[in-house]
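Chemist: what follows is a predicted protein model with its sequence.
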Amino acid sequence: MPRRRSKVPLERVAIRLPTEVMLRIDKLVEKGLFKSRSHLIKQALRELLSEPEYQEALKERDDDFPTLRGR
């Protein structure tokens, strides 16, 4: 199956996580709850950024992040 091309420009980010966190992420991916580690991390970040306290902080800057609107 060909890879789907995103219409939104993406950035690559390298992070270091504790082994225990990675084991939990891998377990959720293995169980089929997420397609990949990347999908899990993207979803977690979307949910975090949609929380009211962060939405309030981002409200004035929303024009800087048009792809985050409505998520």
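Modeler: That came in fine, so what should we check first? Residues are numbered from 1 along each chain as shown.
Chemist: and the most centrally placed residue in the chain, how close does it get to Val8?
Modeler: Centrality entry for the chain: nearest residue to the mean C-alpha point is Lys42, 1.5 Å, by C-alpha atoms, centre = their mean. Counting by C-beta to C-beta, to the nearest Å, the gap from Lys42 to Val8 is 11 Å. Bear in mind the C-beta positions are built from the backbone N, C-alpha and C, glycine included.
Chemist: state the pLDDT value of the residue nearest to the centre of the chain.
Modeler: Per-residue confidence (pLDDT) for Lys42: 96.
Chemist: that one: which element?
Modeler: helix 37-49 (DSSP states H and E).
Chemist: which residues are contacting that helix?
Modeler: Here helix 37-49 makes contact (C-beta atoms under 8 Å, 6 or more residues apart in numbering) with 22, 25-26, 28-29, 33-34, 54-55, 58, 68, 71.
Chemist: buried set for that helix?
Modeler: Leu40 (16 or more other C-beta atoms under 10 Å).
Chemist: ok, then the element right after that helix?
Modeler: Taking DSSP H and E, what comes next after helix 37-49 is helix 52-59.
Chemist: pull the distance from that next one to the chain's centre.
Modeler: 17 Å (C-alpha atoms, centre = their mean, to the nearest Å).
Chemist: helices and strands of the chain: which one has the lowest mean pLDDT?
Modeler: Scoring the helices and strands of the chain by mean pLDDT, DSSP states H and E places helix 52-59 at the bottom, with a mean of 86.
Chemist: helices or strands next to that helix in the packing?
Modeler: When contacts are defined as 3 or more C-beta pairs under 8 Å, 6 or more residues apart in numbering; DSSP states H and E, helix 52-59 packs onto helix 37-49.
Chemist: now the angle between helix 52-59 and the helix it packs on, please.
Modeler: Calculated by axes from the mean of the first three to the mean of the last three C-alpha atoms, to 10 degrees, helix 37-49 forms an angle of 90 degrees with helix 52-59.
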